[in-house]
Structures are given as structure tokens and as C-alpha cells.
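[1] build me a model:
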Amino acid sequence: MAIPIVAVVGWHNAGKTTFIERLVAELKRRGLRVATIKHSREDIELDRPGTDTFRFAQAGSDVIGISGRHRMALIERRETEMGLGEIVARLPEDLDLIILEGYKQAKVPKIEVIRAGVEGGRISTPEELLALIADEPVDEGERIKCFASTDVPRVADFLEAQGLIVPKNG
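    As a prediction, the model looks like this:
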């Protein structure tokens with residue numbers, strides 16, 4: 001069975017990261033295993049100069065791994081950006097939900113975060129939009145569910161009602 005995926009989208013400084021932090025904490029409180037994947041338009045650098053893994057990268061290693069007691073990471077040098085499907089295929093199979101930050105073009109259900117004063121208009125099409133997160137009233141009629149950014153337990157309940165997460169026993 002495929003791991004459910006939800007993208008949290010919105011314009012820069014709309015509050016996506018803060019909302020995702022709160023949602024992940026609520027899902028973890030409910031006993032779920034969650035992955036988060038952030039899309040960046042810029043190149044990323046995860047290593048620090050002087051570390052062994054940095055030195056391996058400087059020497060030309062295409063994949064550098066580091067593993068400790070409670071964390072493991074792989075850093076891969078690539079010629080082209082990795083597609084979302086390829087990233088998801090590399091994730092552990094025992095995850096309950098994958099939350100994307102960004103990935104506006106991905107064909108997955110979306111929660112859009114909007115904030116007054118942040119320009120740009122809507123990102124999601126009505127067909128892919130699950131819900132809106134807004135701290136000021138939004139007139140969407142009955143067709144789109146709206147939540148405040150602090151109403152995370154209700155958002156988690158909504159994701160459960162949509163079949164995107166399955167509650168854990170106990």
C-alpha cells in the first residue's frame with residue numbers, strides 16, 4: 001500500500017513551516033511515523049567544512065553517508081534534481097504519512113496556507129485542494145474546509161476523516 005502524501009503549499013512567509021511543525025508534533029503525539037520533505041529552489045549544502053563527510057565530498061564522493069545511534073543521513077551529488085517519486089521510493093515503508101513543503105506542481109492533495117498581506121493569489125486548483133489554513137476569515141462557501149493555523153488537532157482529525165492517516169491503537 002502506498003504511503004499517503006499531502007503537500008503544504010503557500011507563498012513565501014505565509015507560515016507553511018510553522019504549520020508543518022505543529023502538524024508533525026500532533027501526528028507524533030498520536031503515535032504516527034511521519035516524513036517531511038521540503039522542496040528548495042536553490043542548491044542545498046548540508047555538511048560543514050572540516051568534517052570527515054565534508055572532506056569525502058570535497059574528494060569527489062558521489063554519495064556520502066553518516067550513521068549514528070539515532071540518526072542516519074545520505075548526501076548525494078546529482079547532475080539533475082531528483083523527482084518526488086524517486087525520493088518517496090527511497091523512504092522507509094513503515095511511514096504513516098509524508099508531508100511535503102512546497103512541491104506546488106505535485107499531483108497530490110494540498111493544504112494551502114494563506115496569510116493576509118502575503119501577495120500571490122491561490123496556488124492550488126480546487127480539485128487538489130483539501131483545506132485552507134488561514135488566521136483571518138476566508139469566504140470559500142461550503143466547498144473548502146478552512147482551519148486556523150493553531151487548530152492543528154482538528155486538521156489531523158480532518159486528515160483522518162479523509163483517509164489520509166489511520167489512527168494508531170492505544
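[2] nearest spatial neighbour of the residue nearest in space to the middle of the chain, skipping sequence neighbours?
    Nearest to the geometric centre of the chain sits L100, at 2.3 Å (Cα atoms, centre = their mean). Nearest residue to L100, sequence neighbours excluded (Cβ to Cβ, 6 or more residues apart in numbering): A7, at 4.0 Å. C-beta coordinates here come from the backbone N, C-alpha and C atoms, glycine included.
[3] dihedrals phi and psi, that neighbour?
    phi -100, psi 130 (degrees, to the nearest 10).
[4] that one and K107 touch, don't they?
    No - using Cβ atoms under 8 Å, A7 is not in contact with K107, being 9.5 Å away.
[5] right, and E128 touches P109 too?
    Yes - if you go by Cβ under 8 Å, E128 and P109 touch, sitting 6.2 Å apart.
[6] tell me which of those two has more neighbours.
    P109 (18 against 15; other Cβ atoms under 10 Å).
[7] listing partners with orientation, what would you give for the helix or strand bottoming out on mean pLDDT in the chain?
    Between all helices and strands in the chain, the lowest mean by mean pLDDT, DSSP states H and E belongs to strand 72-76, at a mean of 86. Note on strand 72-76: by DSSP bridges, its sheet partners are strand 63-67 (antiparallel).
[8] residues in contact with the strand it pairs with?
    Around strand 63-67, the neighbours that count as contacts under Cβ atoms under 8 Å, 6 or more residues apart in numbering are D47, T53, F56, A57, M72, A73, L74, I75, E76, R77.
[9] in that strand, what's buried?
    By neighbour count on 16 or more other Cβ atoms under 10 Å, the buried set for strand 63-67 is I64.
[10] state the mean pLDDT of that strand.
    Computed over strand 63-67, the mean pLDDT rounds to 90.
[11] now find how far off-centre that strand is within its chain.
    23 Å (Cα atoms, centre = their mean, to the nearest Å).
[12] please identify which of the contacts of strand 63-67 is nearest to G121.
    E76 (35.1 Å; Cβ to Cβ).
[13] list the contacts of the closest one.
    D62, V63, I64, M82.
[14] let me know the next secondary structure element after the longest helix seen in the chain.
    The residue-count maximum for a helix in the chain (DSSP state H) belongs to helix 16-29. Following helix 16-29 in sequence order, the next helix or strand is strand 34-38 (DSSP states H and E).
[15] buried stuff in that next one?
    V34, A35, I37.
[16] which residues in the chain form strands?
    Assigned by DSSP state E, the strands in the chain fall at 5-9, 34-38, 63-67, 72-76, 97-101, 110-113, 129-133, 145-147.
[17] those strands: which one's closest to Q162?
    So among the strands of the chain, strand 129-133 is nearest, using Cβ to Cβ, at 6.6 Å.
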